[in-house]
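> Sequence and predicted structure, then a few things I'm wondering about:
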Amino acid sequence: MDSGCNFMTPEWGVCGWSGFRSVDDDIFAFYAQKMHFMKKIILLLLVISWIQSFTSAFNFSGCEEKMFTVTAYYSPESDQIFYYKPTFLDEVILNGEGHTGASGKPVFNGMLAWPATYPFGSVIYFPGLGVGEIADRGGAIVLSGERGQNYDRIDIRMGKGEEGLIRALTFGKKNMTGYFCTDSIVKTSPKDTLLWDNVPILKYFFDVALRIQQLEEGRNDIWTRTLQKYLVKLWYLNKKHRHGTYDSYTKKALCSYQVAKKIVSSKNPDCWTFGKATRYTMKLDVQNKSLLPANLYEQGNFPAILELAKYYNGKPTTNTTVQQWNTSTVQQVSKSNIFMFYRAYTKWQQSSEIKILQTFLQSQWLYSGVIDGVYSKTTTNAVYEFQKKYWLISDSDQLTLRGYLGPKTRSKINELRTK
């Protein structure tokens, strides 16, 4: 039956709404496809142009291509959940105060520390990581040939607080190609150009980073607890002593492991120090015995890592999915929002945590000074009076323990504050 439609007509609408396809449909589809292809080409050109404008803003044509040994550092803060070194002051000695660089510039994303032979204001471009500006110095930052370095060593600032520390430890130490540009070549400030997100954050961060950590008796943090976890897995430590404090049980367990692995003799005074040789041996041991998580290098996120550190360091946490730890202190923390003391403080250290300590000691009629958050002599004396009041110290104990906020003292304070 003749439908009355001429499928060769160039006029749209003759049969356009009937469900049949006309020549005009083919022409329209052809141009639509062509326009879509052109849009892709234009978008690609725009992206290439943007990338070129980004790199050309720093004019790398006159820069020197070099190989560098690159490490990382960060800006420590006084109230962090955990540190790499035992205390905040130790961390400052290692990384600097974290406010300004040696150049006088406030710290910024992209700050580099390099030897004094290279002028401030010069930049280095690292492909895949971005551009940094030389604005700081460092005692360990040396030229090639010094201290056994094959290449000029450079430090990249990775941020502040726990997140900066996690990035710095994850970044580690590596040899990288970079383009060094003197300050006379640089036309645009390279601030905020380093791609921190390119440094992966591992889900099992503490398990991996423990391999570069040195631990000694007296520490109380998640690093010690991670070590204890593997001493338990290797059958050298009873699970009930896995509490985060580097005590005599941990010391004895580690020494037994070192002697069994022929790292040191039992008479060696350093038999209990978790140093380089022990770290390397234990790494191979747990790998060979398949004691590491199967997804050890799976990427994680900052909030989860910080929540884990809070939980095992005795700080309040909002994470209710963390497996319960077998101490009453942590169980109390998970049920309340009361701050729990989880570490000791050094003389003249300043922190908001110390204000809480001073307020508590004041309620015990032991502290009459200013609530200033400084671990001063007055605060130390008050802690010592607290230790005597609750029989936490004796005349036979070392003098250095007087006023020291050690595990027993912290535990008693936490107990009284959660009643």
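Arrived safely, thanks for sending.
> need the next SSE after the helix or strand bottoming out on mean pLDDT in the chain, C-terminal direction.
The weakest-scoring helix or strand in the chain, judged by mean pLDDT, DSSP states H and E, is helix 328-335 (a mean of 38). Using DSSP states H and E, the helix or strand that directly follows helix 328-335 along the chain is helix 352-363.
> Not counting its neighbours along the chain, what's nearest residue 118?
residue 134 (5.7 Å; Cβ to Cβ, 6 or more residues apart in numbering). Heads up, the C-betas are built off the backbone N, CA and C, glycines and all.
> where's that neighbour relative to residue 178, distance?
12 Å (Cβ to Cβ, to the nearest Å).
> Determine the residues that are contacts of both of these two.
residue 124 (Cβ atoms under 8 Å, 6 or more residues apart in numbering).
> Just the pLDDT at the nearest residue in space to residue 296 that is not next to it in sequence, thanks.
Leaving aside its chain neighbours, residue 296 sits nearest to residue 204 (5.2 Å; criterion: Cβ to Cβ, 6+ apart). Per-residue pLDDT puts residue 204 at 92.
> ditto for residue 50
For residue 50, the pLDDT comes out at 50.
> Begin at 49, not 1, for the rest of this chat.
Okay, using 49 as the starting number, the last item reads as residue 98.
> what's across from residue 200 in the sheet?
Taking DSSP bridges as the rule, residue 200 bridges to residue 116.
> can you check residue 178 too?
residue 174.
> burial measure for it, as a count.
19 (other Cβ atoms under 10 Å).
> pLDDT below threshold where in the stretch 149-298 of the chain?
The stretch 149-298 of the chain contains residues with pLDDT under 70 at 187-196, 231-241.
> the helices in it, which residues?
Under the criterion DSSP state H, counting those that start in this stretch, helices of the stretch 149-298 of the chain are mapped to 209-219, 253-257, 270-281, 296-308.
> JSON lines please, covering the ones you listed and showing distance to residue 91 and mean neighbour count.
Compiled in JSON lines, the helices of the stretch 149-298 of the chain are given as follows (distance: least, Cβ to Cβ, whole Å; neighbours: other Cβ atoms under 10 Å):
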{"stretch": "helix 209-219", "distance to residue 91": "32", "mean neighbour count": "21"}
{"stretch": "helix 253-257", "distance to residue 91": "38", "mean neighbour count": "19"}
{"stretch": "helix 270-281", "distance to residue 91": "47", "mean neighbour count": "21"}
{"stretch": "helix 296-308", "distance to residue 91": "59", "mean neighbour count": "19"}
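> now these in TSV, with distance to residue 203?
Converted to TSV, the helices of the stretch 149-298 of the chain look like this (distance: least, Cβ to Cβ, whole Å):
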stretch	distance to residue 203
helix 209-219	9
helix 253-257	18
helix 270-281	22
helix 296-308	31
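> Among those helices, single out whichever gets nearest to residue 406.
Smallest distance to residue 406 across these (Cβ to Cβ): 23.5 Å, for helix 209-219.
> Could you list every helix and strand in contact with the closest one?
For helix 209-219, the elements it packs on are strand 112-123, strand 200-208, helix 253-257, helix 350-360, judged by 3 or more Cβ pairs under 8 Å, 6 or more residues apart in numbering; DSSP states H and E.
> just so I know, which of these lies nearest residue 467?
With Cβ to Cβ as the yardstick, what comes closest out of the helices and strands packed on helix 209-219 is helix 350-360 (21.5 Å).
> If you count neighbours, what's buried in that closest one?
For helix 350-360, a neighbour-count test (16 or more other Cβ atoms under 10 Å) marks 353, 354, 355, 356, 357, 358, 359, 360 as buried.
> Residue 130 is in contact with the fifth one, correct?
Yes: counting by Cβ atoms under 8 Å, residue 357 does reach residue 130; the two are 5.0 Å apart.
> what sits in contact with each of those two?
210, 270.
> So residue 266 is in contact with residue 272, correct?
No: the pair residue 266 and residue 272 fails to qualify as a contact (Cβ under 8 Å) at a distance of 9.5 Å.
> Show me whatever sits in contact with both of those two.
Residues touching both residue 266 and residue 272 (Cβ under 8 Å, 6+ apart): residue 294.
> where's the residue nearest to residue 225 when sequence neighbours are not counted relative to residue 222, distance?
The shortest distance from residue 225 to any non-neighbouring residue, by Cβ to Cβ, 6+ apart, is to residue 115 (5.8 Å). To residue 222, residue 115 is 11 Å away according to Cβ to Cβ.
> Looking at those two, which is more packed in?
Neighbour totals were compared for residue 115 and residue 222, and residue 115 leads with 13 against 10 (other Cβ under 10 Å).
> Help me confirm that the more buried one comes into contact with residue 228.
No: counting by Cβ under 8 Å, residue 115 does not reach residue 228; the two are 10.7 Å apart.
> Could you check how many residues crowd around the residue nearest to residue 344?
The number of residues packed near residue 252 is 18, by other Cβ under 10 Å.
> show me where the chain has strands.
With DSSP state E as the criterion, the chain has strands at 112-123, 159-161, 171-174, 178-184, 200-208, 222-229.
> ok, and for the first one, which residues are buried?
Taking 16+ other Cβ under 10 Å as the neighbour-count basis, strand 112-123 is seen to contain the buried residues 116, 117, 118, 119, 120, 121, 122, 123.
> Would you reformat those residues as CSV and include distance to residue 462 and pLDDT?
Formatted as CSV, the buried residues of strand 112-123 follow (distance: Cβ to Cβ, whole Å; pLDDT from 0 to 100):
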residue, distance to residue 462, pLDDT
116, 47, 90
117, 44, 89
118, 42, 90
119, 37, 88
120, 35, 90
121, 33, 89
122, 29, 91
123, 29, 89
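> Grab the CA positions of stretch 140-156 and hand them over as CSV.
Output in CSV follows, covering the C-alpha atoms of stretch 140-156 (Å, rounded to 0.1, in the frame of the first residue of the first chain):
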residue,chain,number,x,y,z
VAL,A,140,61.0,19.7,66.2
ILE,A,141,64.8,19.1,66.4
LEU,A,142,64.4,16.7,63.5
ASN,A,143,62.0,18.7,61.3
GLY,A,144,62.3,22.3,62.5
GLU,A,145,59.7,24.4,64.2
GLY,A,146,57.5,24.4,61.1
HIS,A,147,56.5,28.1,61.0
THR,A,148,59.1,29.6,58.7
GLY,A,149,61.9,28.4,56.5
ALA,A,150,65.6,29.4,56.8
SER,A,151,64.8,32.0,54.1
GLY,A,152,62.4,33.8,56.4
LYS,A,153,59.3,32.8,54.4
PRO,A,154,56.4,31.2,56.1
VAL,A,155,56.0,27.5,55.3
PHE,A,156,54.1,26.7,52.2
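> Lovely, talk soon.
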